[in-house]
Every structure is written in structure tokens, then in C-alpha cells.
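Need the 3D shape of this:
(one chain, ligands or ions: 1)
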Amino acid sequence: MSAVASDLHAAPTLLSSDLSVSFHGRVVLRLLAFTADPGEVWHVVGANGAGKTTLLRALSGELACEGQVRICGQPPGTVPARRAALLVPTEADLIPDLSVRESLHFMATAWERELPPLLDLAHAFGLDSVLDAWPGELSRGTRQKVALCIALGLALPLTMLDEPFATLDVRSREVLREAIRTRAHSGGTVIVTTHGDELSGLNVRTLTLDALPA
Ligand SMILES: Nc1ncnc2c1ncn2[C@@H]1O[C@H](COP(=O)(O)OP(=O)(O)OP(=O)(O)O)[C@@H](O)[C@H]1O
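Next up is the predicted model:
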């Protein structure tokens with residue numbers, strides 16, 4: 001492991017304070033303080049429009065925000081923070097010109113990780129038969145499983161999953177629950193949004209967001 005990566009592990013996974021996000025002058029998310037430590041699974045809940053996706057996008061550096069956010073001590077959007085955290089959106093995009101196998105290989109190489117954990121997760125999700133398929137040939141749920149294999153197989157300090165169960169069949173939901181549990185046992189922090197009880201039985205902490213008035 002590189003010196004940079006071990007330094008990242010020494011820092012708390014996620015610290016945020018006085019976080020707020022606005023669209024066109026309207027504040028849609030306000031969060032006073034939120035800290036997530038290694039080994040924790042956080043379940044972010046709230047009604048439609050409460051700001052769950054917005055929170056994950058702000059933490060990932062995809063959206064500008066007010067306040068302070070640190071991913072392993074680094075501001076979101078910076079190279080060290082991007083190397084420490086990955087967000088899987090509700091409908092994940094895969095690189096269109098790469099087969100599933102090539103995508104796994106590409107991402108493992110880019111993040112300087114071993115390929116076998118990604119392939120092991122692909123096997124657990126039943127993806128062996130589509131490893132040589134192109135993203136355009138896959139169903140929505142299958143594409144999502146590939147993205148989840150990548151995100152969890154890379155074993156980054158922070159993994160953010162936006163409604164990851166939404167497109168998964170019953171068996172794949174159980175595989176995902178187990179992958180989340182394993183990631184947390186290995187010291188990773190996982191933040192998950194869902195509208196359901198898919199995380200019940202796991203040791204989770206809950207963050208409830210309330211929609212702000214328009
Ligand atoms: N690009 C955007 N431009 C303007 N407003 C936006 C934009 N994205 C989100 N919003 C607003 O921000 C608020 C929070 O949206 P967000 O998608 O984060 O909610 P959510 O809790 O993830 O909802 P859901 O459960 O429906 O997925 C909503 O009022 C939404 O209309």
C-alpha cells in the first residue's frame with residue numbers, strides 16, 4: 001500500500017459540519033454535523049426530496065456545497081479524496097467501450113487494487129456469464145451489479161451507495177447485504193440510502209434527513 005493510502009486510513013473517514021447545498025438560491029440540504037468512522041454502515045433515510053442523493057453527491061465532490069467536508073482528512077473533489085471514496089448512483093453508468101471484465105480490470109488498475117476481489121464479487125452476484133458482454137447488452141440491474149462489484153471490490157475507505165437495492169433481484173439483494181457487511185468488518189465506511197428495510201439485521205447507524213421548505 002502506498003504512503004498516501006496509509007495516511008488516508010489514519011484519518012477519520014468522513015467529517016462534515018455546517019453542510020448546506022443550494023440549487024438556484026434554494027437551500028435543499030442542511031446538515032449541522034455528520035461524522036462517519038471506519039467500520040460503520042450509515043443508513044441515510046428521508047422522504048422523496050429530503051436530500052439523500054444531494055448529500056452523497058456533495059460528499060463525493062460532485063456538487064458544490066457550503067460548510068466543511070473532509071474525506072479521510074481531504075476536501076471532496078481533490079485527488080486524495082477521490083481516491084478514498086466512490087459513489088454508485090442509482091443508475092450507474094459503465095464505460096461503454098469496455099466489456100465487464102475490462103471495466104473491472106480498468107478500475108482495479110486505476111485505483112491500484114488487486115483484480116480478484118472484484119471478480120469474486122462478480123461471481124457472487126452471478127455475473128460470470130456476462131464478463132465478456134458490453135454494458136449496452138446488459139439489463140439495468142445487471143449494470144448496477146457491475147458497478148457495485150467495482151465500488152465494493154475496490155475496498156476504498158468510503159463507499160457511498162444511492163438506493164443500491166432498487167434494481168436488484170432478491171438473491172442479489174442478499175449478496176449486496178453481505179458485501180456491505182464484509183466491507184464494514186474490514187474497516188470500510190459505507191453510506192447507503194434506501195427507502196426500505198433492506199439493511200435490517202446489519203449493524204447500522206441511521207441519519208434521517210427532513211425535506212426543507214421550498
Ligand atoms: N439539479 C437540481 N436542480 C434543482 N433542484 C434539485 C436538483 N437536484 C435536486 N434538486 C432538489 O433538491 C432536493 C433534494 O433532492 P434529492 O434528489 O437529493 O432528494 P432525495 O432525498 O434523494 O429524493 P428521492 O428519495 O426521491 O430520491 C429536491 O427538492 C430536489 O427537487
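
What is the three-state secondary structure of residue 118?
Using DSSP: H, G, I helix; E, B strand; the rest coil, the structure places residue 118 in helix.

Without its sequence neighbours, what residue ends up closest to it?
In this structure, residue 118 finds its nearest non-sequential neighbour in residue 153, 3.5 Å apart by C-beta to C-beta, 6 or more residues apart in numbering. Quick note: C-beta positions are derived from backbone N, CA and C, even for glycine.

what's the burial count for the one you found?
Residues within reach of residue 153, counting by other C-beta atoms under 10 Å, total 24.

my guess is residue 69 contacts residue 18, does it?
No. Here residue 69 lies out of contact with residue 18, judged by C-beta atoms under 8 Å, at a distance of 9.8 Å.

From the neighbour counts alone, determine which of the two ranks first.
residue 69 (23 against 13).

Next up, identify which helix or strand residue 191 is on.
strand 189-193 (DSSP states H and E).

Would the helix or strand where residue 160 lies count as contacting the ligand?
For residue 160, the host element (DSSP H and E) is strand 158-162. No. Judged by C-beta under 6 Å from any ligand atom, strand 158-162 and the ligand are separated, with a smallest distance of 7.3 Å.

how close does residue 185 get to residue 39?
7 Å (C-beta to C-beta, to the nearest Å).

Comparing those two, which residue is more hemmed in?
residue 39 (15 against 10).

The more buried one touches residue 189, doesn't it?
Yes. Applying C-beta under 8 Å as the test, residue 39 and residue 189 come out as touching, 7.1 Å apart.
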